[in-house]
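Asker: what's the 3D shape of this:
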Amino acid sequence: MAKPKTGTDFELTQVRNVGIAAHVDAGKTTLTERVLFYTGASHRIGEVHDGTAHMDWMAEEQAHGITITSAVTQCPWNDHLIQIVDTPGHVDFTIEVERSMRVLDGAVIVMDGVRGVEPQTETVWRQANKFDVPRFVFINKMDRPGADFDRALESIRRRLKENPVPVCVPIADEETVLHLIEEQAYMFSGNKGIDVTTRPFKPHEAEMAAEYRETMLMALAEHDEDLADKVVMEEDVSQDEIWSVMTRLTRAGVIRPCFSGSALRNWGVQPVLDAILRVMPNPLERPSSMGLNEAEEPVEIGMDKDEPLVALAFKVQLFDGRRHVFARLYRGTLEPGDKVLLAGRGEVERVARVFGIDANKKNRIEKAVAGQIVLLAGLRHASTGDTLCAPDTPVLLERIDARAPVLGLAIEVESSKDEEKLLEALRKITEEDPTLLYADDPETGQRVLKGMGELHLQIAFERMQREFNVAVRSGKPRVVHRESIAGSATVTGGVDRTIDAPGGAILLKADVRVTVSPLERASGLQVTCTPTWEPADFTPSAEQLAAVEQGANDSLAGGPIEGAALEDVALNVEHVTTFTPGSSPQALRIAAASAVRDALRAAGGVLLQPIMAVEVVCPDENTGGVLGDLQARGATILGHEADDGTTSITAECGLSELIGYTTHLRSSTKGRGQFTMEFSRFDAI
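Answerer: The predicted model follows:
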């Protein structure tokens, strides 16, 4: 039996690194299961609703019926290798999408044919925009009552401000798609739709397709003069010409090709696979990555397997209880036993094993080359966002941003003998997920685990129970606050005391004048430390200057109300009075810290809480009740829009009022209401 090909058996021109992303329940994993089956990478189709999906391998994913962690797999198609990353759709796990988009060369965005663009669709779209990821759209679930291809295209124009271009138009009653470029009808039959046949359009299909094809050609002709001339003169345009223009415009982000079908009903998927090969770039066709060399100068990183190694560790995950690191190679070659430098940290580690990855299954490979996504074992310190490079050629890539968690729960073990096991479990799961953080609250003595939402924390507790056998009790969710100040204040504070020391008494004496004032929301902290000094002829040392600045920053670590992190405050250190010999760096640091604390108290504290951008979808008959309930929770209603028997309500609301809202909404709408929220900003309660 022939050994299956691995990534190193394909030239880079034959490789496509593609992600599949969408709003929760749009059908990403269902689509991926069909892709694996049709390409021969899997011998059966697993279903999400049965808990048998190949890519949803975690017990928690199977139990909840959603994707929680991004999963990587490989599949061959027409002498090419497609490396697929299936990402979560729930907003609580958005870090999985963020770090996946960072390493992908293309993406397929899946949309529900009934709902069109949904809130998390917008989020993943923004994430793809951030990294300039070329993408096209698969409009799924076209078999459902209420599915509307035209309305889905319009939602892309309206909500995403993009230019959707139809390529495959659905005929749901016949489980057929009309391919506008090839001018052929695609039909799907056999075992789970594996057999694809094509035929010319029937008369009524040709009439329907003609209008869509005209729309497609006009959209492409707008950006290509040669094609425009042929379209205006009504000359024949070859398939290759259309594909060529569409590929160029898709990669430039000018248009978004749109395909359609029903992954669950097994039709419309194979044209998507063909389009991935035609439209999506191979690793060599993507713009070169940029990094910083040892002198912090920009360097271009070409996709060359013969140059020194540069790779990005984009995810840490436990397999079989052992720590593994997902990495995307941008340059060079990596083999088991190679040493790698963690750029910017100065640590050198040795890679013990290199694996190809298929969901939760791994297979050892002897070498990884530029363009591949692989799994590495043996790295004890590498974490999400670290650059792995050749020790003698340091290069630092841009890191992956992780959002700060917004919801905290007080946790404790059910048995005191499990305390050490809890700490070990927390250490490992927070290494995997940078949006999970834990810390001991110095005021209450509680241990608090913070995450992106209720479901995020619930999954963490379930994993601790299953993987580490640690039973955890949790308290009421504690919303993470920030603080700012209500007004401006100028205060002179200082220190004047003598402390006993082994060498004799030490005088500490200094005065510092500071001014604090509020800034607009989301401005952060602004510190100006260029004070005048007294006596006028006094010249401070570098240590004294640094001490004043450090003392000021010490007191900016927490606000005057509950010690939460400060935001939107401007601090100006204006004047320092010294007293010889008492104004040592220690005295100046204490004086500056005292002055800032007093100024913050004098200005008056303001507590800020997370404000969430909310979208609620409910049946029309429940709209009044849902609106009233949101307003009772202090929400600001931004708008609502009725569409095909349902109403979409957009609002802003404090996170503390939304805890448990999902359960309440489902109860009040008999299970038909949907709710999504995304962090917007911190603002006054």
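
Asker: any regions of the stretch 551-685 of the chain where pLDDT drops low?
Answerer: Within the stretch 551-685 of the chain, the stretches with pLDDT under 70 are 644, 671, 685.

Asker: quick one: the helices in it?
Answerer: Counting by DSSP state H, counting those that start in this stretch, the stretch 551-685 of the chain has these helices, from start to end: 585-603, 623-632, 661-668.

Asker: how far does the longest one sit from the chain's center?
Answerer: What separates the centre of helix 585-603 from the centre of its chain is 39 Å, taken as C-alpha atoms, centre = their mean, to the nearest Å.

Asker: next: the shortest one.
Answerer: If you compare the mean C-alpha spot of helix 661-668 with that of the full chain, they lie 27 Å apart, counting by C-alpha atoms, centre = their mean.

Asker: next, the buried residues of that helix.
Answerer: Of the residues in helix 661-668, 661-662, 665 count as buried by neighbour count, 16 or more other C-beta atoms under 10 Å. (C-beta placed from N, C-alpha, C; glycine too.)

Asker: what do you get for stretch 316-323?
Answerer: Of all the residues in stretch 316-323, those buried under the rule 16+ other C-beta under 10 Å are 316-317, 323.

Asker: so can I have JSON lines of those residues showing secondary structure, distance to His23 and pLDDT?
Answerer: Listed next are these as JSON lines, based on DSSP: H, G, I helix; E, B strand; the rest coil; distance: C-beta to C-beta, whole Å; pLDDT from 0 to 100:
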{"residue": "Val316", "secondary structure": "strand", "distance to His23": "26", "pLDDT": "83"}
{"residue": "Gln317", "secondary structure": "strand", "distance to His23": "24", "pLDDT": "81"}
{"residue": "Arg323", "secondary structure": "strand", "distance to His23": "32", "pLDDT": "84"}
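
Asker: and the strands in the stretch 101-250 of the chain?
Answerer: According to DSSP state E, counting those that start in this stretch, the stretch 101-250 of the chain carries its strands in the segments 106-112, 135-140, 164-166, 168-171, 176-179, 184-189, 195-200.

Asker: return the most buried member of these.
Answerer: strand 135-140 (a mean of 27; mean count of other C-beta atoms under 10 Å).

Asker: and that one, which strands flank it?
Answerer: Strand 135-140 has the following strand partners under DSSP bridges: strand 106-112 (parallel), strand 256-260 (parallel).

Asker: quick one: distance of the last one to the chain centre.
Answerer: Taking C-alpha atoms, centre = their mean, one finds strand 256-260 lying 23 Å from the centre of the chain it belongs to.

Asker: one more: stretch 346-362?
Answerer: 22 Å.

Asker: what do you get for stretch 187-196?
Answerer: 35 Å.

Asker: stretch 652-672 now?
Answerer: For stretch 652-672, the distance to the chain centre is 24 Å (C-alpha atoms, centre = their mean).

Asker: then stretch 663-677?
Answerer: For stretch 663-677, the distance to the chain centre is 25 Å (C-alpha atoms, centre = their mean).

Asker: now could you export just the CA positions of that stretch as PDB?
Answerer: The C-alpha coordinates for stretch 663-677 follow below in PDB (Å, rounded to 0.1, in the frame of the first residue of the first chain):
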ATOM      1  CA  THR A 663     -30.700  31.200  29.400                       C
ATOM      2  CA  HIS A 664     -33.300  33.900  30.100                       C
ATOM      3  CA  LEU A 665     -33.600  34.700  26.400                       C
ATOM      4  CA  ARG A 666     -34.100  31.100  25.400                       C
ATOM      5  CA  SER A 667     -36.700  30.600  28.000                       C
ATOM      6  CA  SER A 668     -38.700  33.800  27.000                       C
ATOM      7  CA  THR A 669     -38.600  32.900  23.300                       C
ATOM      8  CA  LYS A 670     -39.200  29.100  23.700                       C
ATOM      9  CA  GLY A 671     -35.700  28.400  22.500                       C
ATOM     10  CA  ARG A 672     -35.800  30.400  19.300                       C
ATOM     11  CA  GLY A 673     -33.900  33.500  20.400                       C
ATOM     12  CA  GLN A 674     -30.200  33.900  19.700                       C
ATOM     13  CA  PHE A 675     -27.800  36.200  21.500                       C
ATOM     14  CA  THR A 676     -24.200  37.200  20.700                       C
ATOM     15  CA  MET A 677     -22.000  39.800  22.400                       C
END
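
Asker: other residues contacting that stretch?
Answerer: Applying C-beta atoms under 8 Å, 6 or more residues apart in numbering, the external contacts of stretch 663-677 come out as 23-24, 91, 118-120, 453, 612-619, 622, 625-626, 629, 653, 655, 658, 661-662.
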